[in-house]
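> predicted model and sequence follow; I will ask about them next.
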Amino acid sequence: PGIARHAVKALAPFAAVAEKELLALARGHQDQIARAQALRPLLPALQQRANKSSLKLVLDQFLLRHSGSSSDLEEWLAAFPLQPYRGELRTRLRDSGYPLFRKRVLLQAMARQAADGLHNLAQEALSADDDALVLAALGALAKWGGDRHAKSLDRLSRHADPGIRLAALREGLRLGRGRAVTELAASADPVARQAAAIAYAEKPAAAALPHLNDLLGDAAAAVRHQALFSLAALRDPQVVPLLIGHLDHAASVTADRVLGTLEGLTGESFGPSARVWQRWWQDQTDFQFPSPAEVKQRQQQRARSQAEAQTVAGFWGMPVIGERIAFVLDTSDSMKARYRAASRYGGQGTRLSAAQAQLVQALRDLPDGTAFNIYLFDRQGWAWRDTLATMDSKVRAEAVAFVMALQTRFGTALYDALELAFAAPEIEAVYLLSDGAPYLGKIDDPALIRADVAQWNATRQLPLHCVSLGGRVPLLQQLAKDSGGEFRLVK
């Protein structure tokens with residue numbers, strides 16, 4: 001196998017003239033990795049041919065990293081005429097032994113083509129055992145429009161997975177099937193109330209505001225935060241006083257998100273005091289929202305002024321807000337790299353030392369009674385404790401000692417650590433630090449990680465506050481943006 005892999009590496013730059021040899025390796029070599037590596041330089045030529053054998057080769061030999069990323073596979077399939085080869089697609093979608101990631105990517109690519117002939121394949125996938133496949137199929141059917149899948153929505157709206165319930169309820173509202181928005185808003189199921197909050201963003205502001213105001217006071221954090229997103233989407237001036245009225249919400253994460261929404265809409269920054277905001281609002285006689293570009297410019301100017309006026313505090317300058325917190329820390333070998341700015345953050349010369357100092361400071365600042373856990377990732381994901389710890393002087397000392405004793409290991413299994421954090425139902429905010437792209441673990445493809453985190457978070461609405469240490473990690477920036485969290489690039 002090693003010789004074949006070296007041969008592929010040597011032939012790849014000359015794919016145009018070595019196509020025959022690469023095809024022979026991709027189709028027939030006994031080593032799966034060699035086949036996948038040989039496929040990579042052949043992808044452009046196979047796409048141009050657009051025949052059955054080309055499609056089968058890609059569908060059966062593509063391996064993540066060795067042939068490309070899941071995004072590479074999706075782009076290739078989306079540009080390929082899939083409709084004439086429905087039989088090949090159906091065989092693989094029904095095959096329990098066919099790799100799950102390929103099924104997911106295939107459904108995503110199908111959604112980017114015309115529905116003709118592909119609708120039935122997605123309809124069948126609604127009965128799949130894997131939740132991610134069901135969501136991908138629902139996404140495709142929603143994008144195509146039509147109502148052929150309407151009969152399945154009632155069943156899916158009672159599915160055990162909350163993300164599938166939410167997607168099915170939203171699709172039912174789009175089709176005008178199932179329960180009305182007001183009925184969903186009054187449901188005992190928080191997922192149904194969240195679906196209502198999403199739907200009200202499409203209603204006229206005058207009709208939506210009273211209901212969203214009620215949902216902003218919901219017992220479930222996910223419903224409250226979804227109502228915030230919908231209020232922001234309305235961009236109606238009457239949203240402003242409504243938000244000011246919720247600045248003193250008892251849940252600190254919700255109060256912080258209300259403040260962030262106010263600042264994001266108005267471009268102003270008056271802190272968490274409702275009284276100050278109210279005085280400002282009383283002086284606004286003909287208020288108009290500034291453009292998103294203007295808001296961003298104001299926020300950047302304030303951030304520069306704050307950076308010049310104060311030293312770094314908290315977890316990389318971000319306040320740690322919440323009563324139930326997850327800290328997720330990269331302990332891969334790359335964290336041993338020298339870091340010239342480490343001393344600025346309390347470290348002793350390496351990325352890990354700076355991360356340890358920042359986390360220790362955050363732990364020392366956490367109020368007693370705060371529930372938290374620390375999740376690490378290197379070649380696998382693991383947790384400090386099996387359940388959340390409640391902060392007191394003894395727990396604080398144990399947590400600090402644990403953090404200061406951390407060592408690095410090979411691998412960057414980010415997915416595994418995030419999966420553990422989301423498995424804790426009490427968590428209401430995540431603070432994540434890493435210095436590089438995922439590698440190893442259950443899944444290390446960035447697009448698939450992002451999709452799974454979005455699925456886990458669809459009915460949780462947790463903010464993921466992400467720190468990219470040493471250089472920009474696009475996945476961290478995407479996770480923060482997707483969740484309404486804060487992103488920090490620390491060079």
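Structure received.

> nearest residue to Phe422 other than its sequence neighbours?
Here the nearest residue to Phe422 in space, its sequence neighbours aside, is Trp456; by Cβ to Cβ, 6 or more residues apart in numbering that works out to 4.4 Å. All C-beta atoms are positioned from the backbone trio N, CA, C, and that covers glycine.

> lowest average confidence, helix or strand, in this structure?
The helix or strand of the chain with the lowest confidence, counting by mean pLDDT, DSSP states H and E, is helix 292-309 at a mean of 74.

> follow-up on the earlier one: which is the next helix or strand following the helix or strand that contains the residue nearest to Phe422?
According to DSSP states H and E, Trp456 maps onto helix 446-457. For helix 446-457, the following helix or strand on the C-terminal side (DSSP H and E) is strand 464-469.

> give me the mean pLDDT for that following strand.
Averaged across strand 464-469, pLDDT comes to 96.

> Tyr98 reaches Leu89, doesn't it?
No - the criterion here is Cβ atoms under 8 Å, and Tyr98 misses it with Leu89 at 10.7 Å.

> more neighbours: which of those two?
Taking other Cβ atoms under 10 Å, Tyr98 and Leu89 do not tie; Leu89 has more neighbours (22 against 15).

> check contacts around that one.
Neighbour list for Leu89: 82, 106, 110, 118, 121 [criterion: Cβ atoms under 8 Å, 6 or more residues apart in numbering].

> so where does it fall, helix or strand?
Per DSSP H and E: helix 86-94 holds Leu89.

> ditto for Trp76
helix 70-78.

> repeat that for Gly146.
Using DSSP H and E, Gly146 sits in no helix or strand.

> so what pLDDT did it get?
87.

> same check on Gly172?
Looking at Gly172, its pLDDT is 94.

> rewinding a little: residues in contact with the helix holding Trp76?
Applying Cβ under 8 Å, 6+ apart, the contact partners of helix 70-78 are 43, 47, 58, 62, 64, 67, 101-102, 104-106, 108-110, 112-113, 445, 447-448.

> ok, stretch 30-37 next?
Under the contact criterion Cβ under 8 Å, 6+ apart, stretch 30-37 has outside partners 1, 4-5, 8-9, 12, 25-29, 61-63, 66-67.

> of the residues you listed, closest to His211?
Closest to His211 out of those is Phe62 (46.6 Å), distances taken as Cβ to Cβ.

> nearest spatial neighbour of that closest one, skipping sequence neighbours?
In this structure, Phe62 finds its nearest non-sequential neighbour in Leu73, 5.4 Å apart by Cβ to Cβ, 6+ apart.

> and for the one you found, the neighbour number?
Neighbours around Leu73, by other Cβ under 10 Å: 26.

> wasn't Ile321 part of a strand?
No - Ile321 sits outside any strand when classified using DSSP: H, G, I helix; E, B strand; the rest coil, being coil.

> that one is in contact with Ala429, isn't it?
Yes - between Ile321 and Ala429 a contact is recorded at 6.5 Å, counting by Cβ under 8 Å.

> shared neighbours, those two?
With Cβ under 8 Å, 6+ apart, Ile321 and Ala429 have common neighbours Val253.

> now Ile427. Nearest residue, chain neighbours left out?
Nearest residue to Ile427 in three dimensions, chain neighbours excluded: Ala326, at 4.7 Å (Cβ to Cβ, 6+ apart).

> tell me which element that neighbour falls in.
If you go by DSSP H and E, Ala326 is part of strand 324-330.

> and Trp280, by the same measure?
Trp280 belongs to helix 274-282 when elements are defined using DSSP H and E.

> please report how far the closest residue to Leu363 other than its chain neighbours lies from Thr390.
Nearest residue to Leu363, sequence neighbours excluded (Cβ to Cβ, 6+ apart): Ala399, at 5.1 Å. Per Cβ to Cβ, to the nearest Å, Ala399 is found 11 Å from Thr390.

> equivalent analysis for Leu156, please.
Where Thr390 is concerned, Leu156 sits at a distance of 38 Å (Cβ to Cβ).

> so which of those two has more stuff around it?
Neighbour count, other Cβ under 10 Å: between Leu156 and Thr390, Leu156 has more, with 22 against 12.

> what residues are up against Asp452?
132, 415, 419, 443.

> distance to Arg364 added to those, as CSV?
Formatted as CSV, the contacts of Asp452 follow (distance: Cβ to Cβ, whole Å):
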residue, distance to Arg364
Ala132, 40
Tyr415, 30
Glu419, 28
Ile443, 34
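
> need those residues in TSV with secondary structure and distance to Trp382, can you?
Listed next are the contacts of Asp452 as TSV, based on DSSP: H, G, I helix; E, B strand; the rest coil; distance: Cβ to Cβ, whole Å:
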residue	secondary structure	distance to Trp382
Ala132	helix	24
Tyr415	helix	13
Glu419	helix	11
Ile443	coil	16
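
> flag the least confident of those residues.
The member of these with the lowest pLDDT is Ala132, at 93.

> count of residues packed around it?
Around Ala132 there are 20 residues (other Cβ under 10 Å).
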